[in-house]
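>>> Sequence and predicted model, in that order:
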Amino acid sequence: MLIAVFGALAAPASATGFHRGPHDGPVLHADTMPIGYPGDPDLIDRTIRVSMLDASDETMAFDLDAINIVEGETIRFVLMNEGSEPHDFVMATPEEIEDHRAQMSGTPDMAHEAGYAVRVDPGQTGTLVWTFANEGIFEFACLIPGHYEAGMHGRLTVN
């Protein structure tokens, strides 16, 4: 019996889902993410402030369209929703973002339960602490249906 328990613990985590929600699929654990893992709040290298914006003409945006990180940095993101609608801030590979957008299309009220994503209500501020463990080109985005298409996404480069 102990062999079965230890075998299950040693099995790799599946990387096909992003969070717990109303759709089927496993959770993507932070230790399987190419972008890194949740950071230690006591070891923050710097803070990046990001405003989430939406306008009456249905355009939506982050006030940054690109973020540059040094591999190994632990970043505190302070996410201020200055708009009138809830917004997400999700970080992942472009392929993972695209897969997640498809999942979100049918479930706009899905709540994120992961260190790489946060939903912020209008007028509120959210915080996310992340350690960027690998070099690469990633993306940050709001994946509430229609928001990405309205302009809420940007490039996240880890050098």
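The structure has been received and is ready for your questions.

>>> quick one: the helix ranked longest in the chain to chain centroid distance?
When the chain is parsed with DSSP state H, its longest helix is helix 94-104. Helix 94-104 sits 11 Å away from the centroid of its parent chain (Cα atoms, centre = their mean, to the nearest Å).

>>> Pull it out as CSV, backbone CA atoms only.
Extracted in CSV, the C-alpha atoms of helix 94-104 (Å, rounded to 0.1, in the frame of the first residue of the first chain):
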residue,chain,number,x,y,z
PRO,A,94,0.7,32.1,-25.3
GLU,A,95,-0.6,28.5,-26.0
GLU,A,96,-1.9,28.2,-22.4
ILE,A,97,-3.5,31.6,-22.7
GLU,A,98,-5.3,30.5,-25.9
ASP,A,99,-6.4,27.2,-24.4
HIS,A,100,-7.7,29.0,-21.3
ARG,A,101,-9.6,31.6,-23.4
ALA,A,102,-11.4,28.8,-25.0
GLN,A,103,-12.3,27.3,-21.6
MET,A,104,-13.5,30.7,-20.3
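
>>> by contact count, what packs against it?
In terms of contacts (3 or more Cβ pairs under 8 Å, 6 or more residues apart in numbering; DSSP states H and E), helix 94-104 is packed against strand 87-92, strand 136-141. To be clear about C-beta, it is placed using only N, CA and C from the backbone, and glycine gets the same treatment.

>>> Paired strands for the first one, with orientation please.
The reference is to strand 87-92. Here strand 87-92 is paired, per DSSP bridges, with strand 117-120 (antiparallel), strand 136-141 (antiparallel).
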